[in-house]
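*Asks:* Build me a model:
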Amino acid sequence: MKVKAETGKTIKEIASISKSLKRPVKIMEVCGTHTQTIAKYSIRSVLPENITLVSGPGCPVCVTPQKTIDEAVKLAQEGIPIATYGDMLKVPGTVMSLEKARANGADIFIVESTTDALKLKEQHKDLVFLAIGFETTTPMTAYAVKEGLDIICAHKTIPEAMQAIISDKNSQIDGFINPGHVSIIIGTKAYLKIDSHQVIAGFEPEDVLAAILMLLRQIRDNRKKVENGYTQAVRPEGNIKARQLTESVFDKCDAQWRGIGTIPKSGLRLKEKYKGQDAIEKYADILKDLPEPKENKKCRCADVMLGKISPEQCYMFAKGCDIESPLGPCMVGSEGACRIAYRYRDKI
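*Replies:* Numbers count the residues shown, from 1 in each chain. Predicted coordinates:
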């Protein structure tokens with residue numbers, strides 16, 4: 001990467017502190033957009049050998065359970081129109097993806113927003129929106145529910161996933177680069193319960209390097225805290241109105257994360273007032289005989305999202321699993337670590 005004068009100082013201090021620590025340091029960037037910045041600008045190439053960056057579960061497509069894909073496919077096959085974001089189409093289900101179901105004649109629509117889904121509902125009254133994403137997109141889904149949209153809710157919350165990772169006795173994560181967009185909504189206070197070194201970062205390469213330096217200073221000084229390196233956008237309380245909108249429609253619940261398992265209080269479900277718009281309950285008779293999902297045993301997306309391996313350490317990476325023929329969701333989602341690693345494999 002091309003280095004500005006100020007960035008050069010940051011890199012030098014990173015090298016100095018890393019040398020003084022005299023041990024390996026593993027930092028997880030939670031957000032897929034940060035993963036993309038790291039790969040695109042070859043940030044790993046300017047870091048000392050004892051500093052390792054690993055990707056976290058910050059790709060909403062990647063963590064959507066296979067069962068959710070199967071449910072959406074089944075409803076579409078039974079004549080219930082489905083709308084969702086484009087990234088979801090190629091995610092493998094047990095039998096088929098949404099893309100294949102659409103090729104077979106099912107009504108499956110790509111939308112860029114919940115506003116698009118509401119417009120589609122004017123033409124397709126039974127339309128169901130497959131709602132995915134973290135705290136950034138949840139308020140938009142909440143608004144659409146208030147406007148009458150039926151949904152399959154696969155929304156997840158980031159702090160609980162981070163807590164689950166750091167609570168694992170086998171975790172080797174020394175600190176987190178916290179997501180920028182999510183933090184705009186939830187604020188810095190949402191991370192205080194997580195007992196780890198944390199820095200919220202913007203998305204420029206200079207922002208990521210600054211966050212790494214801030215984390216190394218914390219580790220050197222043995223200070224666990226939440227630092228805000230994205231002060232131009234993130235406030236302690238976050239976006240209060242957006243959070244209130246979400247809380248008016250959803251309750252927290254335990255949630256399944258694809259390949260990872262159940263994480264307590266990391267999901268959202270519709271409040272009793274809106275239960276009639278929960279497509280899984282509404283069409284329970286159609287879904288009652290759905291077989292148990294079967295994950296591809298060759299896929300190691302879960303290990304990638306937990307920071308246990310890099311995409312390149314999966315023996316299927318670029319050898320039977322690529323963007324054209326993905327085995328798992330991490331090669332599908334635009335924020336998926338495997339897709340990003342494959343796209344920038346000549347730079348990493």
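
*Asks:* For the nearest residue to Glu295 once chain neighbours are set aside, which residues are in contact?
*Replies:* Once flanking residues are discounted, Glu295 sits nearest to Gln66: 6.2 Å by Cβ to Cβ, 6 or more residues apart in numbering. Any C-beta I mention is one placed from the backbone N, CA and C, and that applies to glycine too. Contact analysis of Gln66 by Cβ atoms under 8 Å, 6 or more residues apart in numbering lists 92-94, 258, 293-295.

*Asks:* Same check on Val234?
*Replies:* Val234 makes contact with 180, 183-184, 187-188, 200, 228, according to Cβ under 8 Å, 6+ apart.

*Asks:* Assess the claim that Ala337 and Pro57 are in contact.
*Replies:* No. Checked against Cβ atoms under 8 Å, the pair Ala337 and Pro57 is beyond contact range at 9.5 Å.

*Asks:* Tell me if I'm right that Gln198 and Leu192 touch.
*Replies:* No. Gln198 lies out of contact with Leu192 (Cβ under 8 Å); the separation is 9.2 Å.

*Asks:* Touching both of these two, which residues are there?
*Replies:* Val226.

*Asks:* neighbour-wise, which of the two wins?
*Replies:* Counted by other Cβ atoms under 10 Å, Gln198 and Leu192 do not tie: Gln198 has more neighbours, with 25 against 13.

*Asks:* Looks to me like that one is in a strand.
*Replies:* Yes. Gln198: assigned to a strand according to DSSP: H, G, I helix; E, B strand; the rest coil.

*Asks:* Okay, and the beta partners of it?
*Replies:* According to DSSP bridges, the partner residues bridging Gln198 are Phe176, Val226.

*Asks:* tell me the contacts of it?
*Replies:* Gln198 sits in contact with 175-176, 178, 191, 215, 224-227, where contact means Cβ under 8 Å, 6+ apart.

*Asks:* Pick out the one among the residues you listed with the largest number of neighbours.
*Replies:* Asn178 (34 neighbours).

*Asks:* looking at it, it is touching Ser196, isn't it?
*Replies:* No. Using Cβ under 8 Å, Asn178 is not in contact with Ser196, being 10.0 Å away.

*Asks:* what touches both of these two?
*Replies:* Met162.
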